[in-house]
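S.K.: let me see the structure of the following:
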Amino acid sequence: MWGLVGRQPEVPSAGQDRRLPVFGSLNPLTGRLHAHVGGRKTAAGFVAHLEALCRAYPGRQLLIFLDNCSIHRARLVQRFVADHRARLRLIWNAPYTPELNLIERYWGHLKAKAINNYFFGTVQELEEAIRQAVRDFNASLVLHMHCHLELLRPLRKGA
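M.R.: The predicted structure is shown next:
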């Protein structure tokens, strides 16, 4: 950091560590990111994200790979998944293995390119930076992340 000789430099500070949870899902076939910015990291926010995914892919069965976050296992989520079991299938990653979850690579990219080392005076500025990073990711021709999923056995019962 530099400044004029004899003058104390002023560094803006938010004064508190504000967080803004983002619920996200990465389509491994298209590389498209579906993200929703939430007010708080809650089971209700996660259910809202699952509802949005169901609307984004009408009539399709969705395989959702999850880490072991406590909100993913909440009763509200379990009831929603049970009510939509014909469309939703949750697949749990082993504990403490973020490298198995493709979206973790995107969260690292988001933090490095849109959040780290930037000052956001308001939560609204942070939210807009996150939304812009998601738009940029989905518009990019080089950042898309894809994976090939091959199942050794069918996930549906009776299949």
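
S.K.: what number of residues lie near Val5?
M.R.: A total of 5 residues lie near Val5 under the criterion other C-beta atoms under 10 Å. C-beta: built from backbone N, CA, C; applies to glycine.

S.K.: where does the chain have its least confident helix or strand?
M.R.: Using mean pLDDT, DSSP states H and E, helix 102-110 stands out as the lowest-scoring helix or strand of the chain, at a mean of 84.

S.K.: buried stuff in the helix or strand that comes right after that one?
M.R.: Heading C-terminal from helix 102-110, the first helix or strand you meet, by DSSP states H and E, is helix 123-139. Within helix 123-139, the residues that qualify as buried are 126, 129-130, 133-134, 137, counting by 16 or more other C-beta atoms under 10 Å.

S.K.: coming back round to it: which of the residues in the least confident helix or strand of the chain are buried?
M.R.: For helix 102-110, a neighbour-count test (16+ other C-beta under 10 Å) marks 102-103, 106, 110 as buried.

S.K.: all strands of the chain, in order?
M.R.: 22-26, 33-37, 62-66, 88-92 (DSSP state E).

S.K.: same question for the third one, mean pLDDT?
M.R.: Within the predicted structure, the mean pLDDT of strand 62-66 is 92.

S.K.: C-alpha coordinates for that strand, PDB please?
M.R.: Extracted C-alpha coordinates of strand 62-66, given in PDB (Å, rounded to 0.1, in the frame of the first residue of the first chain):
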ATOM      1  CA  LEU A  62     -33.000 -34.700 -11.400                       C
ATOM      2  CA  LEU A  63     -30.000 -36.300  -9.700                       C
ATOM      3  CA  ILE A  64     -28.700 -33.900  -7.000                       C
ATOM      4  CA  PHE A  65     -25.200 -34.500  -5.700                       C
ATOM      5  CA  LEU A  66     -24.900 -33.100  -2.200                       C
END
